[in-house]
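Q: Here's a sequence, model it:
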Amino acid sequence: MNIPVFVPHVGCPNDCAFCNQRSITGVTEAPDPGEVERIANEYLSGGKAGSHTIAFFGGSFTGIEPGLQRSYLAHAKKYLDAGRISGIRLSTRPDYIGPAELDLLAEYGVTNIELGAQSMDDGVLAAAGRGHNSEAVRRASHMIKERGFVLGLQMMTGLPEDTPEKALATAEEFIALGADETRIYPTLVMENTRLAAMYRAGSYRPQSVEEAVELGAVLYGRFRAAGVKVLRIGLSDSEDLKGGCVAGPYHPAMGELIIGRYVRNQLESMAENGRLDIRAPKKYFSKIVGIKRCNAEYFLKKGVAFSLTEGNDPLVNGKYSLDF
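A: As a prediction, this is how the structure comes out:
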């Protein structure tokens with residue numbers, strides 16, 4: 001479990017077309033370094049020592065002034081040295097990674113570095129105003145892997161100039177770069193962003209929920225097959241997020257929708273003689289039937305008999321194994 005410390009827009013001079021950190025995180029100011037310990041103590045008060053990771057999210061951590069980076073990390077390292085957490089995680093821009101930055105992070109025991117890559121298509125990156133190209137992602141990824149950090153590569157779908165084909169190509173390159181982890185974020189149009197102005201001017205069409213779910217399910221399956229851990233799908237829901245979203249594939253349970261579609265896609269290939277006899281542990285039932293039983297209803301409407309019983313292994317028609 002992550003202990004999130006949000007440092008919104010600290011260290012990031014770039015205003016990407018899609019970015020409004022206030023609406024995304026609900027945080028307007030970076031915390032004082034000493035707040036790291038207060039936040040950590042809150043999370044650890046009833047938790048199991050060693051099972052958490054202090055995670056610095058929301059900005060471009062390695063763009064912060066080095067002295068302030070050290071202050072944040074020194075507070076986190078106390079918990080790492082005491083065995084109260086298992087690691088320190090942070091997110092940053094690909095073009096803010098170099099030997100000096102990695103030396104500093106290694107000094108304080110950082111274990112996981114996530115890069116906001118968003119896309120590996122240079123046209124998409126330029127249209128989104130990212131301020132870096134795909135080569136910056138490749139260069140940073142190689143350095144991170146060479147130094148032994150866990151590499152996370154975050155991607156967004158549905159950005160200006162993006163297509164499903166470009167998104168799939170991005171996923172394939174993440175895999176080729178040796179990504180250990182990823183996050184998949186369907187693009188939302190947030191108020192007070194350039195993307196909102198583009199949407200209102202008619203120069204940008206966001207994904208629908210259905211388009212985001214269909215593509216997300218394919219991406220999720222590809223990462224699963226390659227052994228890349230999918231840490232999150234979609235932004236964490238909040239009143240700030242919901243209230244600030246102008247358009248796009250907003251859904252309070254986007255991750256569940258996409259995983260449910262991934263399961264549905266598997267089931268579709270396993271149906272035999274108009275039937276799906278599914279046996280699985282009860283903890284998987286919600287993923288199999290889908291939100292509001294959408295998967296079960298989908299197959300029933302197609303005339304496929306759908307049955308679900310509790311069992312040890314997730315098997316379909318007695319021979320096909322389901323992946324979650």
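Q: now residue 2, nearest residue through space, not along the chain?
A: Spatial nearest neighbour of residue 2, excluding adjacent residues (CB to CB, 6 or more residues apart in numbering): residue 55 at 4.1 Å. Glycine gets a C-beta too; all of them are placed from N, C-alpha and C.
Q: so what's the one you found bridging to?
A: residue 4, residue 89 (DSSP bridges).
Q: give me the number of residues near it?
A: Neighbours of residue 55 under the rule other CB atoms under 10 Å: 21.
Q: Then residue 139?
A: Per other CB under 10 Å, the neighbour tally for residue 139 reads 16.
Q: can you give me the helices in the protein?
A: Ranges of helices in the chain, per DSSP state H, are 21-25, 35-44, 66-81, 99-107, 122-127, 134-146, 164-176, 194-201, 209-226, 239-244, 254-270, 285-289, 294-301.
Q: correct me, but residue 60 touches residue 96?
A: Yes - if you go by CB atoms under 8 Å, residue 60 and residue 96 touch, sitting 5.4 Å apart.
Q: Between these two, point out the one with more neighbours.
A: The neighbour comparison of residue 60 against residue 96 (other CB under 10 Å) goes to residue 60, with 23 against 19.
Q: if we can go back for a sec, worst average pLDDT in the helices of the chain?
A: Ranked on mean pLDDT, the bottom entry among the helices of the chain is helix 21-25, at a mean of 53.
Q: Tell me the bridge partners for the residue nearest the centre of the chain.
A: The centroid of the chain falls nearest to residue 183 when counting by CA atoms, centre = their mean (2.1 Å). When bridges are called by DSSP bridges, residue 183 pairs up with residue 154, residue 232.
Q: For it, give me the pLDDT.
A: 98.
Q: quick revisit: could the helices of the chain be laid out in JSON lines, adding distance to residue 153?
A: Output for those, formatted as JSON lines (distance: least, CB to CB, whole Å):
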{"stretch": "helix 21-25", "distance to residue 153": "19"}
{"stretch": "helix 35-44", "distance to residue 153": "25"}
{"stretch": "helix 66-81", "distance to residue 153": "21"}
{"stretch": "helix 99-107", "distance to residue 153": "16"}
{"stretch": "helix 122-127", "distance to residue 153": "14"}
{"stretch": "helix 134-146", "distance to residue 153": "7"}
{"stretch": "helix 164-176", "distance to residue 153": "5"}
{"stretch": "helix 194-201", "distance to residue 153": "22"}
{"stretch": "helix 209-226", "distance to residue 153": "10"}
{"stretch": "helix 239-244", "distance to residue 153": "23"}
{"stretch": "helix 254-270", "distance to residue 153": "18"}
{"stretch": "helix 285-289", "distance to residue 153": "25"}
{"stretch": "helix 294-301", "distance to residue 153": "29"}
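Q: I figured the residue nearest to the centre of the chain hits residue 155, correct?
A: Yes - the criterion here is CB under 8 Å, and residue 183 meets it with residue 155 at 7.3 Å.
Q: where's residue 136 relative to residue 119, distance?
A: Per CB to CB, to the nearest Å, residue 136 is found 12 Å from residue 119.
Q: These two: which has the busier surroundings?
A: Ranked by neighbour count (other CB under 10 Å), residue 136 and residue 119 place residue 119 first, with 25 against 19.
Q: what sits against the closest residue in space to that one that isn't next to it in sequence?
A: Nearest residue to residue 119 in three dimensions, chain neighbours excluded: residue 170, at 5.2 Å (CB to CB, 6+ apart). Shown in contact with residue 170 (CB atoms under 8 Å, 6 or more residues apart in numbering): 117, 119, 120, 121, 155.
Q: Give the burial count for residue 171, as a bare number.
A: Counted with other CB under 10 Å, the neighbours of residue 171 add up to 26.
Q: Please verify my assumption that it contacts residue 221.
A: No - if you go by CB under 8 Å, residue 171 and residue 221 don't touch, sitting 9.9 Å apart.
Q: Mind listing the shared neighbours of the two?
A: By CB under 8 Å, 6+ apart, no residue touches both residue 171 and residue 221.
Q: ok, residue 235 - contacts?
A: With contact set as CB under 8 Å, 6+ apart, residue 235 has these partners: 24, 185, 188, 241, 254.
Q: what about the third one, how many residues close to it?
A: As a burial measure, the neighbour count of residue 188 was computed by other CB under 10 Å and equals 28.
Q: I'd say it and residue 251 touch.
A: No - using CB under 8 Å, residue 188 is not in contact with residue 251, being 10.0 Å away.
Q: Can you read off the pLDDT for the residue nearest to residue 2?
A: Reported pLDDT at residue 55 in the predicted model: 97.
Q: In the contacts of residue 235, which residue is surrounded by the most others?
A: If you count neighbours using other CB under 10 Å, the busiest of the contacts of residue 235 is residue 188, which has 28 neighbours.
Q: Could you report the distance from it to residue 83?
A: Residue 188 sits 39 Å away from residue 83, going by CB to CB.
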